[in-house]
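Undergrad: quick one, structure for this:
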Amino acid sequence: MPSSGPGCWVSLGASVARMNEIEGFSLRREGVYWQPRKAKKEMSVQLPVLQLRVVRNARIRRVRVPRPPRGAEACQPTIRGFMRLPVPLVILIVLAFWAAGALHAQISNPIAEPIVKRGLSVEIRDVARLPDTRGLYPADQDAAGWARVSYVRDLADGRRFANDSRGFLYLLDRDNRPSLYADIAAAFPLSFYGSLQSGFIGFEFHPEFAQIGLFYTVHVEGATGNPATPHFIPPGFTQADVTFHSVITEWRATNPAANVFEGTRRELLRVGHVVDNIRHPISHLEFNPTAAPGDPDYGLLYTSGSDFGFSNGGGPNARSPSQTQRLDTVVSAILRIDPRSPAESGGTKGIGDYTIPPINKFAADGDPETLGEIYAYGFRNAHRLSWDLVDGTMFASDIGSSHIEEINIVREGLNYGWMQREGFFDNGVTRPDGVLNQVFPLPAEILSGQRRDEFTYPVAIYDHNDGQAVTGGFAYHGRIPALRGKFVFGDIVRGRLFVADLAAMKEADDGIPKTVAPVDEIQLYVRDASGNRTYVTLRELIEAAMGATVTRADLQISRSGDGELFITSRQDGVIRMLGTDSE
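TA: Numbers count the residues shown, from 1 in each chain. Model prediction:
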């Protein structure tokens, strides 16, 4: 902002203010602005992160400004400088510092209004329970739970599969009785199971599995004693720093119709972690279900996007903002790859044994330092992806740090902010004395969309008053009338189920950070043999199945072949399904 004429800089503690002579005026507060009622000359007050500009009948704006230039004329010392000023101007300076403090103040309760139930109730019923695998590994090498189920997937031929992250892929028959399809644990003896974020985390079938027999898994291995060399290690580190591996594998079934896997496997990608604890590994693989043969996106595999534990993995390498907000790393990035080996496709090789799709934006940007497999970036732990089957909108559920859980609409090439942003707040690491578990308000002109920054913001959020880690979610178009046109998701730890209006979420994808869709909670109920309802929480159902109190629900959500929703828990190993609505 240009200077308003001759003036000087008056020291005000750690900040400074440049001021010009001004005649009497009065101020009135309007939201986050002040508006002068009477001003005959222009004056500006500049602070390191704030500028208040006063002109006749004009609003005062807040913008970031630098400290005073070298050689700037100094006024008399602070106290005497203040004494020379008209009283109204002193009042303005006090208001300026109040506003600056508000902009600098850490936010302890980002979303004051809690999520509540507004009459939406849905039946939940048991479908299956996976076998009890407790005790399979030593207690200090395993995480709690009857069976750690996190995905249920239906094939077009009617077969249904589910995983236990202790290393087993199950086939459920038409009566939903499980039998072992593939022993993933036996194939990978160096797998690590000591965290709920470890083991055989996820799987996905190729859209042409029935013809070509391909499916894909992701699992975690320990680095100690592991002879494998990662395809990628975060910049600045070496193999000596690696503590865990995230591994994507392609499996080829000799007979796709068989009910027990026989065939071969091929490693696609192995990424090294360099933090002390396994946090935020690759946890999701997905083909775009709306892509049809012949579409550019058909047969391309998406991965979850995470910071690989740089936010919370512990040890000397964690809490490292410099590992994010860059395009020469897979850290924080959702990837889109052609899983075929370049030897088969004839295309450009990626980091691992797969092909970079030529349609990818960053593959065609002409920058040799950019990884062409990156689809979008700036995520902390976008551990689940989904698509609206009606219009193809892509969603990502991004688990927050200490405050905000996000649902994002994902578009290619965009930056979703981590570690600079959490929700529509500044993260503490952006401040000289801030830390990663703090959030601060965005400047008003960015929050309102008056000025754009380089980030894309979520379309639905909640804070840690209402939960601790967001689940995956789905645009619902199934048989339950009360859920149609809603995005259904929940909280992993507390087991609460939430909805947001799909239309409102898509309207919130408007470039204005503060625009988000409202979130409501679903009330679950079960029916007895006589059809009578009993209202329940998922946590109560899990504790009844386990016969014991649990500290967390470990909720996850999957979508059936006909668009209905499975509700699973890594605590009790039960697969449930949402049923009829309240009407």
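Undergrad: need the contact list for L578.
TA: The neighbourhood of L578, defined by C-beta atoms under 8 Å, 6 or more residues apart in numbering, consists of 122-124, 480, 483, 488, 564-565, 567. Heads up, the C-betas are built off the backbone N, CA and C, glycines and all.
Undergrad: wait, a strand at it?
TA: Yes - L578 forms part of a strand when assessed by DSSP: H, G, I helix; E, B strand; the rest coil.
Undergrad: what pairs with it across the strands?
TA: For L578, the beta-bridge partners under DSSP bridges are I124.
Undergrad: same check on Y302?
TA: E286, R336.
Undergrad: wait, doesn't it sit right on N288?
TA: Yes - with contacts defined as C-beta atoms under 8 Å, Y302 counts as touching N288 at a distance of 7.0 Å.
Undergrad: neighbour count: the two, which is higher?
TA: Neighbours were counted for Y302 and for N288 using other C-beta atoms under 10 Å; Y302 has more, 23 against 19.
Undergrad: so what's the more buried one up against?
TA: 284-288, 334-336, 375, 385.
Undergrad: swap the cut-off to 7 Å and go again
TA: 286, 334-336, 375, 385 (C-beta atoms under 7 Å, 6 or more residues apart in numbering).
Undergrad: so which of those residues wins on neighbours?
TA: L335 (28 neighbours).
Undergrad: pretty sure I567 contacts I124?
TA: Yes - using C-beta atoms under 7 Å, I567 is in contact with I124, at 6.2 Å.
Undergrad: anything in contact with each of the two?
TA: Residues touching both I567 and I124 (C-beta under 7 Å, 6+ apart) are 576, 578.
Undergrad: neighbour count winner among these two?
TA: The residue with more neighbours, out of I567 and I124, is I567; 28 against 19, by other C-beta under 10 Å.
Undergrad: A strand includes that one, no?
TA: Yes - the assignment for I567 (three-state DSSP) places it in a strand.
Undergrad: with adjacent residues omitted, what lies nearest to it?
TA: The shortest distance from I567 to any non-neighbouring residue, by C-beta to C-beta, 6 or more residues apart in numbering, is to R576 (4.3 Å).
Undergrad: what number of residues lie near that neighbour?
TA: R576 has 24 nearby residues by other C-beta under 10 Å.
Undergrad: and N532, by the same measure?
TA: N532: 9 surrounding residues under other C-beta under 10 Å.
Undergrad: ditto for F168
TA: Per other C-beta under 10 Å, the neighbour tally for F168 reads 25.
Undergrad: helices of the stretch 451-583 of the chain, start to end?
TA: In the stretch 451-583 of the chain, the segments counted as helices under DSSP state H, counting those that start in this stretch are 502-507, 538-546.
Undergrad: so which of these gets nearest A318?
TA: A318 lies closest to helix 538-546 among those, at 30.4 Å (C-beta to C-beta).
Undergrad: give me the buried positions along the closest one.
TA: Neighbour counts over helix 538-546 (16 or more other C-beta atoms under 10 Å) mark 538-539, 541-543, 545-546 as buried.
Undergrad: what's in contact with that helix?
TA: Against helix 538-546 from outside (C-beta under 7 Å, 6+ apart): 146, 495, 524, 549-550, 553, 555, 567, 569, 571-572, 574.
Undergrad: any idea how far the residue nearest in space to the middle of the chain lies from E344?
TA: Nearest to the geometric centre of the chain sits D398, at 1.2 Å (C-alpha atoms, centre = their mean). Counting by C-beta to C-beta, to the nearest Å, the separation of D398 from E344 is 33 Å.
Undergrad: cool, G222 as well?
TA: Counting by C-beta to C-beta, the gap between G222 and E344 amounts to 31 Å.
Undergrad: between those two, who's got more neighbours?
TA: Legend: neighbour count by other C-beta under 10 Å for G222 and E344, higher for G222 (18 against 12).
Undergrad: identify the bridge partners of that one.
TA: Beta-bridge partners of G222, as defined by DSSP bridges: F244.
Undergrad: P189 is in contact with that one, correct?
TA: No - if you go by C-beta under 7 Å, G222 and P189 don't touch, sitting 10.7 Å apart.
Undergrad: quick one, domains of this protein?
TA: Domain assignment for the chain, taken from automatic domain parsing, gives 8-104, 122-581.
Undergrad: closest to A364 among the contacts of L578?
TA: Checking those against A364 by C-beta to C-beta gives V488 as the nearest, at 35.8 Å.
Undergrad: mean pLDDT for the domains of the chain: which is lowest?
TA: Among those, domain 8-104 carries the lowest mean pLDDT, at a mean of 36.
Undergrad: need the contact partners of stretch 460-472.
TA: For stretch 460-472, the surrounding residues in contact (C-beta under 7 Å, 6+ apart) are 110-111, 114-115, 384, 386, 397, 399, 402-407, 423, 489-494, 496, 500, 505, 516-517, 519, 555-557.
Undergrad: from the residues you listed, list just the buried residues.
TA: Burial by neighbour count, judged by 16+ other C-beta under 10 Å, picks out 110-111, 115, 384, 386, 397, 399, 402-407, 423, 489-494, 496, 500, 505, 516-517, 519, 555-557 from the contacts of stretch 460-472.
Undergrad: now, those residues that are in strands?
TA: Among those, the residues falling in strands (DSSP state E) are 384, 386, 397, 404-407, 489-490, 500, 519, 555-557.
Undergrad: any chance of JSON lines for these, columns distance to A364?
TA: JSON lines is the format used below for those (distance: C-beta to C-beta, whole Å):
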{"residue": "R384", "distance to A364": "28"}
{"residue": "S386", "distance to A364": "26"}
{"residue": "S397", "distance to A364": "28"}
{"residue": "I404", "distance to A364": "33"}
{"residue": "E405", "distance to A364": "34"}
{"residue": "E406", "distance to A364": "28"}
{"residue": "I407", "distance to A364": "29"}
{"residue": "F489", "distance to A364": "33"}
{"residue": "G490", "distance to A364": "38"}
{"residue": "A500", "distance to A364": "34"}
{"residue": "V519", "distance to A364": "37"}
{"residue": "L555", "distance to A364": "39"}
{"residue": "Q556", "distance to A364": "35"}
{"residue": "I557", "distance to A364": "35"}
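Undergrad: from those residues, which is closest to I184?
TA: For those, the minimum distance to I184 (C-beta to C-beta) is 17.8 Å, reached by Q556.
Undergrad: right, and the closest one touches A162 too?
TA: No - with contact defined as C-beta under 7 Å, Q556 does not reach A162; the gap is 10.8 Å.
Undergrad: in the stretch 201-350 of the chain, which spans are helices?
TA: Going by DSSP H, counting those that start in this stretch, the stretch 201-350 of the chain shows helices at 209-212, 342-345.
Undergrad: neighbouring contacts of the first one?
TA: Spelled out, it's helix 209-212. By C-beta under 7 Å, 6+ apart, the residues outside helix 209-212 that reach it are 155-157, 206, 215, 256.
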